[in-house]
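K.L.:
Sequence and predicted structure, then a few things I'm wondering about:
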Amino acid sequence: MSMATRPRTKPTTKSTTTSATMPGSRPNMLQSFFVGPKGFRNLLLFMLAAVVIQGFHTLEHVVQNVQVWVDNVPPPMSCGLLGCELDFPWVHFVYNSAYFMGLVWLALWVRPLGQWNRWETGSILSAAAFQAYHTFEHTLQIQQSLTTGVVRPVGLIGLFGNNIVIHTLFNLVVWIPILMALVSFARKGPMRYDAQGPVRPLPPPRKASTRGRPTKI
């Protein structure tokens, strides 16, 4: 008596995803805020807040340029939208230091979670590099203010050009790359996650074809 046997096929796994494991141990409490089902949304909101806040700060400097070059306001009196009460070295130093640490955190600490591609990482790191010098300028301004008593010192680069124009360019340079990274990140859409990191869906496995194979007897 002959029996027809089914052709052997390669076993397929139930899982159709591959996970990008976290380097080292699992994410800590703060990192875990940016993984899981809501990780993409949380990180997107964080980046959006950074872009909006830095965009407003850049607008402040643009308004200062309008006040000086269009309205003929003396530079010491060109204080932007928020007024001279908030336009002094310590405010600029605290804000720019926080923005710099946020950029470094995004590029070096969030990147191991698998969120950034190389282009996005490069954009954030380039902004962080310029922001590092920008923060140094404001640190130097505080030192000058404490030493000389000048309310609005020029720092180092202000000795070689118009300080209002230069710092407007600084803020544009550290804002545009983050805006571009945000657009790129938002276009990718949310990724699925497992307990250890991001999971990218793969196409379903192909079924083994039996066409053209003789039946064993």
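P.N.:
Nice, thanks for sending it over. Not measured: the values here are computed from a predicted model. Residues are numbered from 1 along each chain as shown.
K.L.:
Name the residues that touch stretch 54-63?
P.N.:
80-82, 95, 99, 164, 167-168, 171-172, 174-175, 178-179 (Cβ atoms under 8 Å, 6 or more residues apart in numbering). Heads up, the C-betas are built off the backbone N, CA and C, glycines and all.
K.L.:
List the buried residues of that stretch.
P.N.:
Buried residues in stretch 54-63, counting neighbours by 16 or more other Cβ atoms under 10 Å, are found at Gln54, Gly55, His57, Thr58, Glu60, His61, Val63.
K.L.:
and what of stretch 86-94?
P.N.:
Buried-residue list, stretch 86-94, by 16+ other Cβ under 10 Å: Asp87, Pro89, His92, Phe93.
K.L.:
List the contacts of the residue lying closest to the last one once chain neighbours are set aside.
P.N.:
Sequence neighbours aside, His138 is the residue nearest to Phe93 in space, at 4.3 Å (criterion: Cβ to Cβ, 6 or more residues apart in numbering). For His138, the set of contacting residues under the criterion of Cβ under 8 Å, 6+ apart consists of Pro89, His92, Phe93, Asn96, Ser97, Gly155.
K.L.:
In a helix, the last one, correct?
P.N.:
No: Gly155: not assigned to a helix; according to DSSP: H, G, I helix; E, B strand; the rest coil it is coil.
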